[in-house]
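# Everything below, folded, please.
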Amino acid sequence: MPLPDLIEIVPLDRPVRAEITVPGSKSITNRALILAALADGEVTLEGALWSEDTQVMTEALVKLGFEIKVENDPDESCNRRITVKGFGGKIPNAGTVEKQLELFVGNAGTAARFLAAMVCLGNGVYRLSGVPRMHERPQAELFKALRELGYRVDSENDKLPAVIFGGQVGSARCADRTPQRGVPTKQCIVSINESSQFASALLLSARHGGWKVEISGEDEEEAPYVTMTQKLIEAFPWQGGRFQIEPDASSGSYFRGIGWLQSIESPDLKRAMNILANTSKQMSKADLESMKQEGVELRDSLVGFVLKTGDAEMSEWIRTNWESWNGVVVNHWPRSGWQIDDRFFGLPRRKNQISRRDDLGDSVMTAIVLAPFASDSFRFTELGRLRLQECERVVALRTELTKCGAKVIEEGDTLTVYPSKLHGTEIETYNDHRMAMCFAILGLKVPGIKLKNPACVKKTFPNFFQKLAAPPPAGLGVTILDGRTGRKLEMAELFAE
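Coordinates of the predicted model:
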């Protein structure tokens with residue numbers, strides 16, 4: 001049975017200890033699928049996410065003529081082992097002017113942008129389209145860069161749907177450079193003010209296109225998703241082999257957020273804070289281990305303490321052990337540093353301003369929804385890109401939190417959230433997976449939270465509600481009801497498809 005169109009999350013009545021496994025990173029999986037298709041040989045992606053966004057990408061690659069084998073992952077039901085036979089930069093299938101090869105990208109920004117650049121390596125005509133919201137999302141900077149490289153891109157408004165002509169169609173703005181692998185080098189400038197995916201799309205195919213990509217609009221070293229792409233390209237087995245996809249830190253942020261919610265009323269944490277406030281000496285690792293054995297909740301208050309004292313080694317030790325003190329552990333938390341969301345530990349206690357660009361990626365949404373429970377107001381800055389994603393997320397977050405009783409002020413691309421007493425309501429999810437998951441976490445604390453269209457989580461985390469409902473330690477043991485009848489939903493009904 002499918003998920004009902006309205007569900008109610010029943011708050012947890014006691015702290016829970018759990019060890020959660022989350023599916024693979026969507027950002028890494030879709031980048032790796034492109035690179036595998038461009039590799040010289042067969043590449044097997046282990047731990048690859050299997051959700052709406054990655055299925056859209058896989059289906060598009062199959063239409064382009066790539067041989068792909070998909071096998072179940074015994075450790076995580078929403079992961080797959082995906083084997084792709086690459087053709088060294090060649091695109092097997094192509095359309096014609098009269099009969100373009102149609103590629104449907106759904107609402108997957110990664111598929112829309114990465115495929116737009118990749119098909120330029122082909123020798124034919126391709127038409128990319130998606131759902132209505134995808135047709136509203138920006139593409140102009142990417143299309144401009146592709147035209148500078150010499151490719152023809154037809155679009156009425158520089159958005160999808162678009163028709164892209166692969167091969168060498170020529171452009172006066174194309175600058176020839178030293179040939180690489182027999183392909184003339186071309187150069188372009190791409191701005192990432194609206195989306196870093198524009199630069200990532202070009203970088204993924206640049207090796208075989210012979211493209212020199214210059215990034216403007218933001219220091220590329222400060223753009224974490226561009227850095228992720230560059231690191232992935234460097235580490236990828238271009239001659240064939242295996243590549244491990246790490247778990248999705250954005251998906252893990254919801255469960256770390258649950259741990260933070262559990263901690264804010266913990267008497268043990270208050271005890272730890274008092275100890276820190278009344279001590280003038282720097283604690284040793286032995287001191288911390290002793291406190292841990294006594295059951296004292298330390299976490300981010302201790303991280304703040306050691307950062308203040310300047311002991312980087314001890315700070316890293318605390319971060320490593322953080323989840324063992326937190327009631328909810330996310331297994332195999334990514335350690336590569338590729339995902340900006342891996343910095344998420346809940347809301348900090350010594351800082352009341354968070355920037356999406358410098359501090360957090362998509363997990364800033366989790367922090368915003370947690371903010372009414374903080375002891376002081378929080379300012380979330382540089383949120384402009386949230387307006388251009390699956391929905392207008394800045395307005396959506398303000399609107400739905402306000403409906404719950406929160407005081408939220410929107411000024412420019414900044415949201416200020418104040419400590420507030422919240423109440424239940426029906427949450428509009430705007431067909432946005434992250435809105436649904438963020439407010440589901442809110443429902444673990446606030447009675448009466450109901451989610452419309454919860455199945456939208458299929459975009460990146462189809463078994464999210466099953467993770468909430470599964471008994472500990474594999475889940476949280478949360479009760480989820482049909483929002484219209486009040487009937488408790490069974491595990492089989494909680495999978496989003």
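
# For the residue nearest in space to the middle of the chain, give its distance to residue 150.
Note on the chain: the residue nearest the mean C-alpha position is residue 250, at 4.6 Å, using CA atoms, centre = their mean. For residue 250, the distance to residue 150 equals 36 Å [CB to CB, to the nearest Å]. Just so you know, the C-beta spots here come from the backbone N, C-alpha and C atoms, and that holds for glycine as well.

# one step back: could you verify that the residue nearest to the centre of the chain is part of a helix?
Yes. Under DSSP: H, G, I helix; E, B strand; the rest coil, residue 250 sits within a helix.

# residues contacting it?
25, 26, 339, 341, 361, 362, 363, 434, 460 (CB atoms under 8 Å, 6 or more residues apart in numbering).

# quick one: low-confidence ranges for this structure?
Of all residues in the chain, those with pLDDT under 70 make up the ranges 168-185, 218-222, 265-326, 349-350.

# quick one, domains of it?
6-22+249-494, 26-244 (automatic domain parsing).

# The contacts of residue 250 in helices, which ones?
When DSSP state H is applied, those are split such that 26, 434 fall in helices.

# my read is residue 102 is in a strand, agree?
Yes. Judged by three-state DSSP, residue 102 forms part of a strand.

# Check whether it really touches residue 125, as I assumed.
No. Counting by CB atoms under 8 Å, residue 102 stays clear of residue 125, with 10.4 Å between them.

# So for the two, which sits in the more crowded spot?
Comparing residue 102 with residue 125 by other CB atoms under 10 Å, the one with more neighbours is residue 125, at 21 against 13.

# Could you report the separation of the more buried one from residue 160?
The gap separating residue 125 from residue 160 is 15 Å, by CB to CB.

# One more: residue 84?
Per CB to CB, residue 84 is found 24 Å from residue 160.

# which residues in the stretch 201-350 of the chain form strands?
211-216, 241-244, 328-330 (DSSP state E, counting those that start in this stretch).

# C-terminal to the shortest one, what's the next element?
Spelled out, it's strand 328-330. Next helix or strand after strand 328-330 toward the C-terminus (DSSP states H and E): strand 353-355.

# packing partners for that next one?
Judged by 3 or more CB pairs under 8 Å, 6 or more residues apart in numbering; DSSP states H and E, strand 353-355 is in contact with strand 378-381.

# for residue 434, what are its contacts?
The contact partners of residue 434, taken as CB under 8 Å, 6+ apart, are 250, 362, 365, 390, 393.

# host element of residue 442?
Assessed by DSSP H and E, residue 442 sits inside helix 433-443.

# name the helices or strands packed onto the helix or strand that that helix is followed by?
Following helix 433-443 in sequence order, the next helix or strand is strand 449-452 (DSSP H and E). The helices and strands touching strand 449-452, judged by 3+ CB pairs under 8 Å, 6+ apart, are strand 6-9, strand 425-427, helix 433-443.

# count of residues packed around residue 262?
With neighbours defined by other CB under 10 Å, the count for residue 262 comes to 22.

# ok, now how distant is it from residue 102?
From residue 262 to residue 102 the distance is 48 Å (CB to CB).

# before we move on, what about residue 364?
35 Å.

# just to revisit the earlier point, can you tell me which of the contacts of residue 250 is closest to residue 244?
Of all the contacts of residue 250, residue 25 has the smallest distance to residue 244: 10.8 Å, by CB to CB.

# send the alpha carbons of the helix holding residue 442 over as PDB?
In PDB, the C-alpha atoms belonging to helix 433-443 read as follows (Å, rounded to 0.1, in the frame of the first residue of the first chain):
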ATOM      1  CA  HIS A 433      11.600  16.000   0.100                       C
ATOM      2  CA  ARG A 434      13.700  18.100   2.500                       C
ATOM      3  CA  MET A 435      10.600  20.100   3.700                       C
ATOM      4  CA  ALA A 436       8.900  16.800   4.500                       C
ATOM      5  CA  MET A 437      11.900  15.300   6.400                       C
ATOM      6  CA  CYS A 438      12.700  18.500   8.400                       C
ATOM      7  CA  PHE A 439       9.100  18.800   9.600                       C
ATOM      8  CA  ALA A 440       8.900  15.100  10.400                       C
ATOM      9  CA  ILE A 441      11.700  15.700  12.900                       C
ATOM     10  CA  LEU A 442       9.700  18.600  14.300                       C
ATOM     11  CA  GLY A 443       6.800  16.200  14.800                       C
END
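
# for that helix, which positions count as buried?
The neighbour-count check on helix 433-443 (16 or more other CB atoms under 10 Å) flags 433, 434, 435, 436, 437, 438, 439, 440, 441, 442, 443 as buried.

# in terms of contact, does the last one touch residue 7 like I think?
By that I understand residue 443. No. Applying CB under 8 Å, one finds residue 443 not in contact with residue 7, separated by 9.1 Å.

# Mind listing the shared neighbours of the two?
Common neighbours of residue 443 and residue 7, counting by CB under 8 Å, 6+ apart, are residue 451.

# Residue 233 is in contact with residue 28, correct?
No. Using CB under 8 Å, residue 28 makes no contact with residue 233, being 11.8 Å away.

# who's more crowded, the two?
residue 28 (27 against 16).

# Quick check: closest non-adjacent residue to that one.
Spatially, and ignoring its direct neighbours in sequence, residue 28 is nearest to residue 245 (5.3 Å; CB to CB, 6 or more residues apart in numbering).
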